[in-house]
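Any chance you can model this:
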Amino acid sequence: MIRDGKVVHEIELPAPAAEVFSMFLDPSHLVRWIGLSADLDPTPGGRFRFEVQPGQFCEGEYVVVEPPRRLVFTWGWTDPWFGLPPGFSRVEVELEELSGGCRLLLVHDQLPGEIQLLHDAGWSIFLARLEAAVRGGDPGAYPQGDPRQRQRELRGGGSQP
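Below is the predicted model of the structure:
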């Protein structure tokens, strides 16, 4: 959901916070739910780069890495179409232990204009995939499609260019 200009998602997961935290920092775990490949240096100041769709790379830098509770990183795209260069926006993930699992709060801030809609929809899809992976299940077929087309659909523009 978009709240006060920020993309905000909260879910409860049936796994300890440490296990969920590793799903963001270990490349082999990350690509189970988001990304086709990943190059990660999960230390403050370390860079990350992963391919979300064929030829679509997300890049940023880790700002805060406090296992297993808090992770903050910058986020952006190598493709200029997004209008969101690498490191331009900020994602904060907080994990809270619960009986039988944890609560994940993700806040993606500093997203300009309509790109918020695309990121809100994207986080919905990928956090559902994270939940399936944490449960030990198959997250299903990896989402495909052109982000430009998805953005038009989210704006209510259908399939027109």
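
Tell me where this protein has helices.
Ranges of helices in the chain, per DSSP state H, are 17-25, 27-33, 115-134, 147-155.

As CSV, those with distance to Glu96 would be great.
Glycine gets a C-beta too; all of them are placed from N, C-alpha and C. Shown next, in CSV, are the helices of the chain (distance: least, CB to CB, whole Å):
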stretch, distance to Glu96
helix 17-25, 7
helix 27-33, 20
helix 115-134, 15
helix 147-155, 30
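
closest one to Phe50 among these?
Smallest distance to Phe50 across the helices of the chain (CB to CB): 6.7 Å, for helix 27-33.

List the contacts of the closest one.
22-24, 37-40, 50, 126, 129-130, 132-133, 139 (CB atoms under 8 Å, 6 or more residues apart in numbering).

Max pairwise distance over these: which two?
Maximum distance among the contacts of helix 27-33 (CB to CB): 23.9 Å, for Asp39 and Ala132.

for this structure, which spans come out with low pLDDT?
157-161 (pLDDT under 70).

90 - rerun?
Applying pLDDT under 90 to the chain picks out residues 53-55, 113-114, 137, 140-161.

Kindly supply the ChimeraX command isolating those of the contacts of helix 27-33 that are buried.
ChimeraX command restricting the contacts of helix 27-33 to the buried ones, with burial defined by 16 or more other CB atoms under 10 Å:
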select :22,23,24,38,40,50,126,129,130,133,139
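
where's the residue nearest to the spatial centre of the chain relative to Gly100, distance?
For the chain, the residue nearest the mean C-alpha position is Trp123 (5.4 Å; CA atoms, centre = their mean). Distance of Trp123 to Gly100, given as CB to CB, to the nearest Å: 24 Å.
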